[in-house]
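> model this:
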Amino acid sequence: MNRIVRFHRTGGPEVLQIESIEAGEPGPGQARVRHHAIGLNFIDTYHRSGLYPQTLPSGLGMEAAGVVEAVGEGVDWVAPGDRVAYAGGPLGAYAEVRLIPADKLVRLPESIGFDTAAAMMLQGLTAEYLLRRCAPFAPGDAVLIHAAAGGVGQIAVQWAKALGAYVIGTAGGEAKVALARSLGCDVAIDYRADDFVAATRAATEGRGVRVVYDGVGRDTFMGSLDCLAPRGTLVTYGNASGPVPDISPLLLSQKGSLFLTRPTLGHYVATRAELAAAAAALFEVVASGAVRIDVAQRYPLAEAAQAHRDLEARKTVGSTILLP
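Here you go, the predicted model:
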């Protein structure tokens, strides 16, 4: 039988249950994939808690890597035996085997292992659209990346440096600050010990940064606005500390004619062509060595609830995967 993780009610990690079901045969446009590694992401906790409501009972998980076992009618871009990875699509990656729309799959280069792929697809595709398409910057521009020691943050710091940015990163605690610095941050700020707004202003000689990439949410939102140079852009793409407060658009004017956007990955890989191009860019920057992927934690699939506890308690660093 195929083991999966599901939840029948929203709540804390305790609502996650291991169940056994038949994976079934792929229908038209579908593929059946046997997972070798599964990505754990903060958005998984939003689905589980009900912040992002789902129809219950629901599967969980948005990314994984594995091998195609079978394909349905009309699928000719992947075939049985192909090594593949994906991020996004219907929830259900927390499984040994699953059916998935085949247009969500990308072929995995031989140079990239399953663990690496599962650890980087969602976070790496997120970093790609944030840096290259949502709020791009010119070489030499200063940018601020919150949670620089986190999964998206680690990739974004390295990629931003490769694109020529002056990178300021925030992290919590000496160990994470040291990690952020080792990844290439020109300035690494311990948000627990220091005022990150004052430190950012000091690092830019009072000018502020061109872009703030903020996946933290409520705790950093207002400070992030104050870190921006006039006509700068705040990209708020996550809610790790909770949803951001409501603001009046007039505040953006008062703080320097700022831009504010709340993007999601799905709108940036909405077509097969966009997904393929974004994945190709990610694979290239990883294969070149400009971005290294750190799989810092591995949990058995059966310990998904504990993985969620550790993630929400900020006990994890970098990327975490589940192993079927």
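> could you say what helices and strands the strand or helix carrying residue 277 packs with?
Element membership for residue 277 (DSSP states H and E) is helix 272-287. Helix 272-287 is packed against strand 106-107, helix 114-129, with contacts defined by 3 or more Cβ pairs under 8 Å, 6 or more residues apart in numbering; DSSP states H and E. Glycine gets a C-beta too; all of them are placed from N, C-alpha and C.
> with adjacent residues omitted, what lies nearest to residue 290?
Spatially, and ignoring its direct neighbours in sequence, residue 290 is nearest to residue 162 (4.2 Å; Cβ to Cβ, 6 or more residues apart in numbering).
> what distance do you get for the one you found to residue 82?
Between residue 162 and residue 82 the computed distance is 29 Å (Cβ to Cβ, to the nearest Å).
> still on that earlier bit, wait, isn't the residue nearest to residue 290 in contact with residue 291?
Yes - contact criterion Cβ atoms under 8 Å: residue 162 and residue 291 qualify, at 7.0 Å.
> find residues that contact each of those two.
Common contacts of residue 162 and residue 291 (Cβ atoms under 8 Å, 6 or more residues apart in numbering): residue 285.
> out of those two, which sits in the busier spot?
residue 291 (23 against 15; other Cβ atoms under 10 Å).
> so for the helix holding residue 277, what gets flagged as buried?
275, 278-279, 281-283, 285-286 (16 or more other Cβ atoms under 10 Å).
> stretch 307-321 too?
Buried positions in stretch 307-321, judged by neighbour count with 16+ other Cβ under 10 Å: 307-308, 310-312, 316-321.
> do the same with stretch 48-68
Quick answer for stretch 48-68 (16+ other Cβ under 10 Å): 48-49, 54, 58-68.
> now do the end-to-end distance for that stretch.
Distance between the two ends of stretch 48-68: 27 Å, counting by Cα to Cα, to the nearest Å.
> next, count neighbours for residue 8.
As a burial measure, residue 8 scores 11 neighbours (other Cβ under 10 Å).
> residue 168 against residue 185, yeah?
Yes - if you go by Cβ under 8 Å, residue 168 and residue 185 touch, sitting 6.7 Å apart.
> now for the two: what residues contact both?
Counting by Cβ under 8 Å, 6+ apart, the common neighbours of residue 168 and residue 185 are residue 145.
> what's near enough to touch residue 266?
residue 88.
> which residues touch the helix holding residue 277?
Contacting residues not belonging to helix 272-287 are listed as 85, 103-104, 106, 109, 111-112, 116, 120-121, 124-125, 127-129, 132, 159, 162, 268-269, 291-293 [Cβ under 8 Å, 6+ apart].
> I'd like the next helix or strand past that helix.
The first helix or strand that comes after helix 272-287 along the chain, using DSSP H and E, is strand 295-300.
> model confidence over that next one, on average?
Summarised as a single mean, pLDDT over strand 295-300 is 94.
> and that strand, what does it pack onto?
Judged by 3+ Cβ pairs under 8 Å, 6+ apart, the packing partners of strand 295-300 are helix 114-129, helix 304-312, strand 319-323.
> any idea which of these is most buried?
Greatest average neighbour count among the helices and strands packed on strand 295-300 goes to helix 114-129 (a mean of 26), per mean count of other Cβ atoms under 10 Å.
> which elements pack onto that one?
Contacting helix 114-129 under the criterion 3+ Cβ pairs under 8 Å, 6+ apart are the following elements: strand 30-40, strand 63-71, strand 83-87, helix 151-162, helix 272-287, strand 295-300, strand 319-323.
> got a markdown table for these, with distance to residue 94 too?
Shown next, in a markdown table, are these (distance: least, Cβ to Cβ, whole Å):
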| stretch | distance to residue 94 |
| --- | --- |
| strand 30-40 | 6 |
| strand 63-71 | 8 |
| strand 83-87 | 13 |
| helix 151-162 | 17 |
| helix 272-287 | 22 |
| strand 295-300 | 11 |
| strand 319-323 | 7 |
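> between the ones you listed, which one is closest to residue 243.
Of all those, it is helix 151-162 that lies closest to residue 243, at 17.9 Å by Cβ to Cβ.
> residues contacting whatever helix or strand comes next after that closest one, please?
Sequence order places strand 166-171 as the next helix or strand after helix 151-162, per DSSP H and E. Contact with strand 166-171 is made by 140-149, 153, 157, 160-161, 177, 179-181, 183-191, 196, 199-200, 203-204, 209, 220, as judged by Cβ under 8 Å, 6+ apart.
> same thing but 6 Å
For strand 166-171, the external contacting residues (Cβ atoms under 6 Å, 6 or more residues apart in numbering) are 142, 144-146, 148-149, 157, 160-161, 177, 180, 185-189, 191, 196, 200, 203.
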